[in-house]
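>>> kindly generate the corresponding structure for this input.
(2 chains)
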Amino acid sequence: MFSEHYQFQGKDKEKGNAIFMLSVIILIAINSSITLANYDDLGVTAAQDTDYSIIFETQTVSTSTTITLNDGGSDTIIESLDTNWSDSGWMLQSISVLVTYDETSGLDNDCDTVTASMSSSASKGEGFESEVLDGAVSDCSDIQLNMVWKQPMTNTSSSSIEEVISQMKLGSIPVTVDADISLNVDSTIPTNDDNEQIEIAISFELVKVSALEPIAQM
Amino acid sequence: MAGAGSILELHVLSFGLAALMASSFIWLAFKSSKTPLTLRMALLHLGLLFLVNLFIFTTYIITEIPDFFGASEATVAALKGCSNLLNVLTILQIGFIFTIFPSPIFSNRKTTFGIGIFLVIILVIVFLIVTWLSLSIYSGYFVWLLVALTINGFGSFFMVRWYLLYRSSDDQILRNQAIAAPLLMLGLLGGNTIKWPSLLLLGGPELFFQGTYLALGDGLPLFVILMNSTAIIMPVCALVVVLVKESTIQSELRDRSLLFTSVAFMLFGFLNLLILSLADSDGDFRSLWDYFAVIGMFGLVRPLILIYVALRFNLFDINNPQIRGKVRIIALLLVTVWTSSFFEIIQAFIPLPQLLSAALIGVVLAFAIGWEEKIFEGLASGGEKQMLLSEDDYFEKDDLFRSVMIVFGAVILYLCLGFISGSEI
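Sure thing, here's the model as predicted:
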């Protein structure tokens, strides 16, 4: 099997190699014994429940729409996220609807009354935290509506990303959000204040588990 | 202190160095028709090793600045998987080189290739089993450790055996075999040998884990610690053997270059231990040092040692005027890139003004160009000597081309496996 110069060369010539091999084996045995004996003190045993930190990616998907309403008028804005997002591992952390408008009347400064409400197809589940689903203002301030899920865990004892994702209690995708907006003009001057412009911004805050990293403890 | 910018620049320079080494070694292996085929095969496989390193440095550069290349997070994750697996391929290549240099250790060509193919098949099977059946993040590292343990173990043993059998031989060629073997080992496994102080700290895993991407921490399995430390102990023991033997051998047989190289590794290991002991383990300096101690070893020190081995043991036909002229140009290019890389490392730790740095590079280059001429004149006088054992009928001439195609095929296969595994391995 071995070439002429690499074959067994007799006891005398091989003595050095035998000593080398024996020394290596002894050193490996000593090292392994010491490591085994000290394993608990090295801070590397899986004694704690939390072994990995979860690394997240975040992304916000926003759309903004401007509508024009007359006195007593209303409109509905619909936004949705399809299964492409969930297929890529994204989950829903929050949905928010921001309604903004200004008084455009030229003859008086009385702000109009804007009413907004939202509804969503997202199931709330165990991890749901809070919601503000409707609001009305008549002082030209913003209306902020939202649905928020609890912040996900940041540590886990599992080493499998799939298992960690299955434990997440966030909003599911696909999801559809309906934002209903209506307007009542408060001006005392007839026909003074019509065609009011209202801006509606709908945002989806998304998170995704990208990696698990062992928690270092030197 | 410099940070990511320096690391990127080192990667770019190492990429350039690997490209030069790969192209020149492969070209020389094909062109040196008067050189024995066993030596040409060794030279070719050293070139192919640098070729795979070239791919690895490419992935490092892209993942370092993904925005510049328009790489998405998914692409970066896949490229990291590729670079990890290509590193495994380089270890296999190193294993193959150990079986054919200084001269083939197996009796015939079929045994050499047969054992190589058997190892690759076993590795692919193990990879598929641990990747597809196990979801542990340590499963990929297990493959790496398995290969490293095998190659480090057998590689060190093969090289030390050449060394101990023939270091004091009366035959000059056999003595050359004994000198070439440990030089090759230091060139290829040098990064492990600098951890020699671990022999004094048995059971202390911090030094063993320096430069690996896994940190010691909760949940690190015992088998990872044991396999990792065992893979390092063997080349470290080989360094100790060379140091002891070279220090005690009769003066007329002493080889200065081997003694100098092994002492340099020993001193670098001592410096490394000092930095590990004194520098803050969470500090920037320490993380930068860990990085350079590992990447610098195979990016800069390896090319230097392997060029020396190729020149000293006549792995190519230096007396061919066509080859000689081109080798001088390649040598000048290598000296330039290497010097720039070296000063890049110095600048990372000691920020020098650009002007001073450029002046120092100029001074070093002036000396290097002068030495280069002397070295070539010296080599030309001994260029026809047979320095190592050689068997012309061991390999077939077509094995040169076949080897290139096999490595290209392996790179494609490993890139595929890397993309499958993503960054999980």
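>>> is it true that B:I232 touches B:N192?
Yes - counting by CB atoms under 8 Å, B:I232 touches B:N192, with 5.0 Å between them. Any C-beta I mention is one placed from the backbone N, CA and C, and that applies to glycine too.
>>> all helices in chain A, in order from the N-terminus.
A:11-38, A:83-87, A:161-167 (DSSP state H).
>>> as JSON lines, those helices with mean pLDDT, distance to B:S403 and mean neighbour count would be great.
Output for the helices of chain A, formatted as JSON lines (pLDDT from 0 to 100; distance: least, CB to CB, whole Å; neighbours: other CB atoms under 10 Å in any protein chain shown):
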{"stretch": "helix A:11-38", "mean pLDDT": "91", "distance to B:S403": "30", "mean neighbour count": "14"}
{"stretch": "helix A:83-87", "mean pLDDT": "80", "distance to B:S403": "43", "mean neighbour count": "13"}
{"stretch": "helix A:161-167", "mean pLDDT": "73", "distance to B:S403": "39", "mean neighbour count": "14"}
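>>> quick one: closest of those helices to chain B.
helix A:11-38 (2.8 Å; CB to the nearest CB).
>>> distance from the chain centre to the strand or helix carrying B:L311, please.
Per DSSP states H and E: B:L311 is located in helix B:302-312. Remark: helix B:302-312 is offset 11 Å from the chain centroid, using CA atoms, centre = their mean, to the nearest Å.
>>> ok, and what's touching that helix?
With contacts defined as CB atoms under 8 Å, 6 or more residues apart in numbering or on different chains, helix B:302-312 is touched by B:17-18, B:21, B:25, B:28, B:43, B:46, B:50, B:180, B:183-184, B:186-188, B:190, B:257, B:261, B:315-316, B:318, B:331, B:334, B:338, B:375, B:379, B:387.
>>> in PDB, please show the C-alpha coordinates belonging to that helix.
Extracted in PDB, the C-alpha atoms of helix B:302-312 (Å, rounded to 0.1, in the frame of the first residue of the first chain):
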ATOM      1  CA  ARG B 302       1.100  30.400   3.600                       C
ATOM      2  CA  PRO B 303       1.900  32.000   0.200                       C
ATOM      3  CA  LEU B 304       5.400  33.000   1.500                       C
ATOM      4  CA  ILE B 305       6.300  29.500   2.800                       C
ATOM      5  CA  LEU B 306       4.900  27.800  -0.300                       C
ATOM      6  CA  ILE B 307       6.800  30.000  -2.700                       C
ATOM      7  CA  TYR B 308      10.000  29.200  -0.800                       C
ATOM      8  CA  VAL B 309       9.200  25.500  -1.000                       C
ATOM      9  CA  ALA B 310       8.500  25.700  -4.700                       C
ATOM     10  CA  LEU B 311      11.700  27.600  -5.400                       C
ATOM     11  CA  ARG B 312      14.000  25.700  -3.100                       C
END
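>>> which positions in it come out as buried?
Using 16 or more other CB atoms under 10 Å in any protein chain shown as the test for burial, helix B:302-312 gives B:R302, B:P303, B:I305, B:L306, B:I307, B:V309, B:A310, B:L311, B:R312.
>>> kindly report the same for stretch B:15-24.
B:F15, B:G16, B:L17, B:A18, B:A19, B:L20, B:M21, B:A22, B:S24.
>>> pLDDT at the fifth one, what is it?
The predicted local confidence for B:A19 comes out at a pLDDT of 92.
>>> that one: what secondary structure?
Under DSSP: H, G, I helix; E, B strand; the rest coil, B:A19 falls in the helix class.
>>> I'd say it and B:L54 touch.
Yes - B:A19 lies in contact with B:L54 (CB under 8 Å); the separation is 5.5 Å.
>>> tell me how far B:L145 lies from B:I129.
15 Å (CB to CB, to the nearest Å).
>>> mind checking which of the two has more residues around it?
A direct count of neighbours by other CB atoms under 10 Å in any protein chain shown for B:L145 and B:I129 places B:L145 higher, at 20 against 12.
>>> from A:D12, how far out is that one?
B:L145 is 37 Å from A:D12, by CB to CB.
>>> over to A:L170?
73 Å.
>>> now swap in A:V148 and tell me
81 Å.
>>> and what of B:V236?
27 Å.
>>> what's the answer for A:T65, then?
For A:T65 relative to A:D12 (CB to CB), the value is 92 Å.
>>> circling back to that earlier point, adding pLDDT, write the buried residues of helix B:302-312 out as a markdown table.
What follows is the buried residues of helix B:302-312, written out as a markdown table (pLDDT from 0 to 100):
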| residue | pLDDT |
| --- | --- |
| B:R302 | 88 |
| B:P303 | 87 |
| B:I305 | 91 |
| B:L306 | 91 |
| B:I307 | 87 |
| B:V309 | 91 |
| B:A310 | 89 |
| B:L311 | 85 |
| B:R312 | 87 |
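>>> the helix or strand following the helix holding B:L311 packs against which elements?
Going down the chain from helix B:302-312, the next helix or strand is helix B:321-349, by DSSP H and E. Identification of packing neighbours for helix B:321-349 by 3 or more CB pairs under 8 Å, 6 or more residues apart in numbering or on different chains; DSSP states H and E yields helix B:4-31, helix B:284-296, helix B:302-312, helix B:354-381.
>>> now do the residue nearest to A:E126 when sequence neighbours are not counted, the pLDDT please.
Using CB to CB, 6 or more residues apart in numbering or on different chains and skipping residues adjacent in sequence, the residue nearest A:E126 is A:K169, 4.8 Å away. Looking at A:K169, its pLDDT reads 78.
>>> also B:R40?
Confidence score, pLDDT, at B:R40: 94.
>>> that one sits in which helix or strand?
Going by DSSP H and E, B:R40 is part of helix B:37-64.
>>> what about residue 98, neighbour count?
All of this refers to chain A. 18.
>>> not quite, go with chain B.
Other residues close to B:F98 by other CB under 10 Å number 22.
>>> likewise the one 10 residues further on?
Other residues lying near B:N108 total 14 when counted by other CB under 10 Å.
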